[in-house]
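J.: whatever this is, show me its structure:
(chains A and B)
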Amino acid sequence: MKMHLNRHWPLLTTAGVLVALYVAASIAYTGFSSWFQFAQLFADNATLGLAAIGMTFVILSGGIDLSVGAVIALASMGLAVLVSHMGLPVWIAIPLVLVIGTGFGAFMGAIIQMFKLPPFLVTLAGMFLARGTALLLTETKRIEMSDSAGIRALSSVLVVDFNIAAMVFLVAVLVAWAALKYTRFGRTVFAIGSDESAARLMGLPIASTRVGIYAISGVCAAAGGIVHVIGTQAGDASVAFLLELDAIAAVVIGGTVLAGGRGSILGTLLGVLILGIITTIPNYQGNLNSWWIKIVIGLLLLVFVVLQRVSQRWSGARG
Amino acid sequence: MRRSLRQLIWPLVALALLLVFNAVASPSFFHVQFVNGRLSGAAIDVLNQGAPVMLLALGMTLVIGTGGIDLSVGAVMAVAGALAAKLLHLDAPVALAIVAALGVCVAAGIWNGGLVTVASIPPIVATLIFMVAGRGIAQLITDGQIITINPGSSFTVIGRGVIGGLPVPVVIALSAALVIAAIVRLTSLGVFIEAIGGNEEASRYAGINVRWIRLSVYAIMGLLAGLAGLIDTADIAAADANNSGLYLELDAILAVVIGGTALTGGRFSLLGALVGAIIIQTLSTTILMTTFRGHSVPPEFNLVIKAIVVLMVCLLQSDELRRMVLQVRRVQG
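T.: Residues are numbered from 1 along each chain as shown, chains lettered A, B, ... in the order given. Take a look at the predicted model:
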């Protein structure tokens, strides 16, 4: 039992912080604890959440993906161009954008795997490429899409106050959780992150798994871009600027170790919600400036990273 | 000497190709004039505008040499500019503003280094913390406003002045390069840095004070980022906490990698990093100056070109690719 608790206590800490934040905000601000605000929390952070889910796979495998913000922008602008400029119906354009996102991620993963290059650099190049392409797609850098019937229809879908963005986010959490826990692929992700050479000696399919990991990050980012378009009814090439940092922060706060091999999707969900609550509080507290958010997120990162170190040393010392 | 020259060949070839392209596409690029006691022309502009990235790249080379990385340098730049502008706004003497700003930046560097060494947090996360929080601190200092500096203030000399015909930022960057090269190569610091980057465990057994050297490398990085921030702020005579130094950590890392220093640490090349920084700035300037069939190329094109350059440099340094090419040759021969 003690061993069990030890393994889970980073996640329990994250959950504790989330509950404390939620309760404190609910007491301090009227309306914060409403069901509507709860659903809104998922809707507002769906893009970040989707990116963070993909990032969790990448970080679990010991890698990093700096391109997700730019891929979100590319997906956002790509969808807008396909629908508004080329007249494609939404039900064709959305799968097309998802395929492009998957392909983009898989391409980066293949380069990382084939040439043994650092993920940091390859995804940095991917970031420049995706952001540059998104900005070059149109002169205006932004396309209003409120005249598209398909997008309008999608944006009006509501199930018990959860809009389509929130639902996509929640479904993605479930699928990712199941994939990591119950599939061969998921276990290989953990194995690569823990010890890649051991995984190779065990005969695990490292190459295809790594390509798959970055493809997942790509498709998650593309989905994030799509729900952003549905939410704002516009394609925008400058959205999600440096969003990868928030995504990494959410993953780390969620208890996933940056060196890889340890962590969970559930933790990432909690991390995203913590970031979401912190960024929502200034809406209720007028005198709180937005820069405090950055400082608080930095401090939270610090606390969680130090906690991770302490828990690692502790469990290391106990054998 | 031969090794370092061989390492520098690819970056120099890339720079030469860029310059040849410029010489053909826009002949005015090399047209350097001596006007009002200062050199002017596109080539000088490249050096002038590239000075902040050159400063960052010098520090980043040392950090990467130890096997680390510093993502916070852009945020540190913003803090330096914000603090200096705020102090000048409060009528503090220029010298005090500069010293205080640089002091805080060194402290930020020591903070980063402390997290890496004392708390043994991986450098990428340790510096991510200040990358996020630092920009918040800069905005806190400026109260979210852009603080302008009196253009007549002697502070602006850092960004706009001229010494011996050369723009002051260029003089600062080149002096910093000379000082750091001297410190690193005339003392044993350089060897220690490469030793730590090569094998930390072995260095510790060899009696190298790994913690102390790591810490000083991050402190030097902080100081150089502070200088870069002051140049940026003095140049536009305003502190913009949102945009000062934005993206520059990536440019600096890129410059170091283009210059032939591997991200894994170990052997590093300061000269390579300078060449890398100049390549990056030349790229931006080239794209701004180039016209295609009478139309100027959109500046966003810069990002796409940068992506291609990063990939090419990565592939050139990839042992794996070299092995594949050799294998193909062997099969054919």
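
J.: CA only for contacts and neighbour counts going forward, please
T.: OK.

J.: is it correct that residue B:246 falls within a helix?
T.: No - going by DSSP: H, G, I helix; E, B strand; the rest coil, the assignment for residue B:246 is coil, not a helix.

J.: need the nearest residue in space to it, chain neighbours excluded.
T.: residue B:74 (5.5 Å; C-alpha to C-alpha, 6 or more residues apart in numbering or on different chains).

J.: give the buried residues for whichever strand or helix holds that neighbour.
T.: Using DSSP states H and E, the element containing residue B:74 is helix B:73-89. Buried residues in helix B:73-89, counted by 16 or more other C-alpha atoms under 10 Å in any protein chain shown: B:73-88.

J.: hmm, back to that, right, and the residue nearest to residue B:246 touches residue B:243 too?
T.: No - using C-alpha atoms under 8 Å, residue B:74 is not in contact with residue B:243, being 9.0 Å away.

J.: tell me, how many residues neighbour residue 191?
T.: Just going to use chain A. 24 (other C-alpha atoms under 10 Å in any protein chain shown).

J.: not quite, go with chain B.
T.: By the criterion of other C-alpha under 10 Å, residue B:191 has 15 neighbours.

J.: in terms of helices and strands, where is it?
T.: Using DSSP H and E, residue B:191 maps to helix B:189-198.

J.: can you list the strands that the least confident helix or strand in chain A by mean pLDDT pairs with?
T.: Within chain A, confidence by mean pLDDT, DSSP states H and E is lowest for strand A:158-159 among all helices and strands, at a mean of 76. According to DSSP bridges, strand A:158-159 forms sheet pairs with strand A:162-163 (antiparallel).

J.: does anything pack onto the very next helix or strand once past the partner strand? Which helices or strands?
T.: As assigned by DSSP H and E, the chain's next helix or strand after strand A:162-163 is helix A:164-182. Using 3 or more C-alpha pairs under 8 Å, 6 or more residues apart in numbering or on different chains; DSSP states H and E, the elements in contact with helix A:164-182 are helix A:35-44, helix A:46-60, helix A:184-194, helix A:206-232, helix A:265-284.

J.: and the ones you listed, which is most packed in?
T.: Each of the helices and strands packed on helix A:164-182 was scored by mean neighbour count; the highest is helix A:46-60, a mean of 30, by mean count of other C-alpha atoms under 10 Å in any protein chain shown.

J.: in terms of secondary structure, what does whichever helix or strand comes after it contact?
T.: Per DSSP H and E, the first helix or strand lying C-terminal to helix A:46-60 is helix A:68-80. The helices and strands touching helix A:68-80, judged by 3+ C-alpha pairs under 8 Å, 6+ apart, are helix A:90-115, helix A:119-137, strand A:142-144, helix A:206-232, strand A:234-236, helix A:243-253.

J.: contacts for helix A:68-80 next, please.
T.: Counting contacts by C-alpha atoms under 8 Å, 6 or more residues apart in numbering or on different chains, the residues outside helix A:68-80 that touch it are A:51, A:93-94, A:97-98, A:101, A:127-128, A:130-131, A:133-134, A:137, A:141-143, A:145, A:217-218, A:221-226, A:228-229, A:234-244.

J.: what subset of those residues is buried?
T.: A:51, A:93-94, A:97-98, A:101, A:127-128, A:130-131, A:133-134, A:142-143, A:145, A:217-218, A:221-226, A:228-229, A:234-240, A:242-244.

J.: residue 46: what's it in contact with?
T.: Picked chain A for this. Applying C-alpha under 8 Å, 6+ apart to residue A:46 gives the contacts A:165, A:166, A:168, A:169, A:224, A:227.

J.: chain B is the one I meant
T.: B:278, B:281, B:282, B:285.

J.: take these and keep only those in helices.
T.: If you go by DSSP state H, these have B:278, B:281, B:282, B:285 in helices.

J.: now those in CSV, please, with extra columns for neighbour count.
T.: Shown next, in CSV, are the ones in helices among the contacts of residue B:46 (neighbours: other C-alpha atoms under 10 Å in any protein chain shown):
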residue, neighbour count
B:278, 21
B:281, 22
B:282, 23
B:285, 20
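
J.: determine which two of those residues are furthest apart.
T.: Greatest spacing in the ones in helices among the contacts of residue B:46, by C-alpha to C-alpha: B:278 and B:285 (10.4 Å).

J.: from the contacts of residue B:46, pick the one nearest chain A.
T.: Proximity to chain A was ranked across the contacts of residue B:46 by C-alpha to the nearest C-alpha; first place goes to residue B:281, at 15.5 Å.

J.: please tell me how far that closest one sits from residue B:302.
T.: Look at residue B:281 and residue B:302: by C-alpha to C-alpha, to the nearest Å, they are 10 Å apart.

J.: hmm, back to that, would TSV of the contacts of residue A:46 with distance to residue B:322 and pLDDT be doable?
T.: Shown next, in TSV, are these (distance: C-alpha to C-alpha, whole Å; pLDDT from 0 to 100):
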residue	distance to residue B:322	pLDDT
A:165	46	91
A:166	47	92
A:168	44	94
A:169	43	95
A:224	38	96
A:227	42	94
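
J.: of all these, which comes closest to chain B?
T.: Chain B lies nearest to residue A:224 out of the contacts of residue A:46, by C-alpha to the nearest C-alpha, at 21.8 Å.

J.: what sits closest to the closest one if chain neighbours are left out?
T.: Using C-alpha to C-alpha, 6+ apart, the nearest residue to residue A:224 is residue A:47, at 4.1 Å.

J.: show me the contacts for the one you found.
T.: Residue A:47 sits next to A:165, A:169, A:221, A:223, A:224, A:225, A:227, A:228 when contact means C-alpha under 8 Å, 6+ apart.

J.: that one and chain B: what is the separation?
T.: Distance of residue A:47 to chain B, computed by C-alpha to the nearest C-alpha, to the nearest Å: 19 Å.

J.: related to what we said a few turns ago, could you dump the contacts of residue B:46 into CSV and include distance to residue A:30 and pLDDT?
T.: Compiled in CSV, these are given as follows (distance: C-alpha to C-alpha, whole Å; pLDDT from 0 to 100):
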residue, distance to residue A:30, pLDDT
B:278, 55, 94
B:281, 52, 90
B:282, 55, 89
B:285, 54, 83
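
J.: quick one: which of those residues is nearest residue A:87?
T.: For those, the nearest to residue A:87 is residue B:285 (37.4 Å; C-alpha to C-alpha).

J.: how big is the angle separating the helix or strand where residue B:185 lies from helix B:189-198?
T.: Using DSSP H and E, residue B:185 sits in helix B:168-186. Using axes from the mean of the first three to the mean of the last three C-alpha atoms, to 10 degrees, the direction of helix B:168-186 lies 80 degrees away from that of helix B:189-198.

J.: quick one: buried residues of helix B:168-186?
T.: Here helix B:168-186 shows B:168, B:169, B:170, B:171, B:172, B:173, B:174, B:176, B:177, B:180, B:181, B:184 as buried, counting by 16+ other C-alpha under 10 Å.

J.: now for residue A:277: which residues touch it?
T.: Contacts of residue A:277 by C-alpha under 8 Å, 6+ apart are A:21, A:22, A:41.

J.: now render the residues you listed as JSON lines, adding pLDDT and distance to chain B.
T.: Shown next, in JSON lines, are the contacts of residue A:277 (pLDDT from 0 to 100; distance: C-alpha to the nearest C-alpha, whole Å):
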{"residue": "A:21", "pLDDT": "89", "distance to chain B": "19"}
{"residue": "A:22", "pLDDT": "91", "distance to chain B": "22"}
{"residue": "A:41", "pLDDT": "90", "distance to chain B": "22"}
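
J.: can you tell me the closest non-neighbouring residue to the most centrally placed residue in chain A?
T.: Centroid-nearest residue in chain A: residue A:52, 1.7 Å away (criterion: C-alpha atoms, centre = their mean). Leaving aside its sequence neighbours, residue A:52 sits nearest to residue A:247 (C-alpha to C-alpha, 6+ apart; 4.6 Å).
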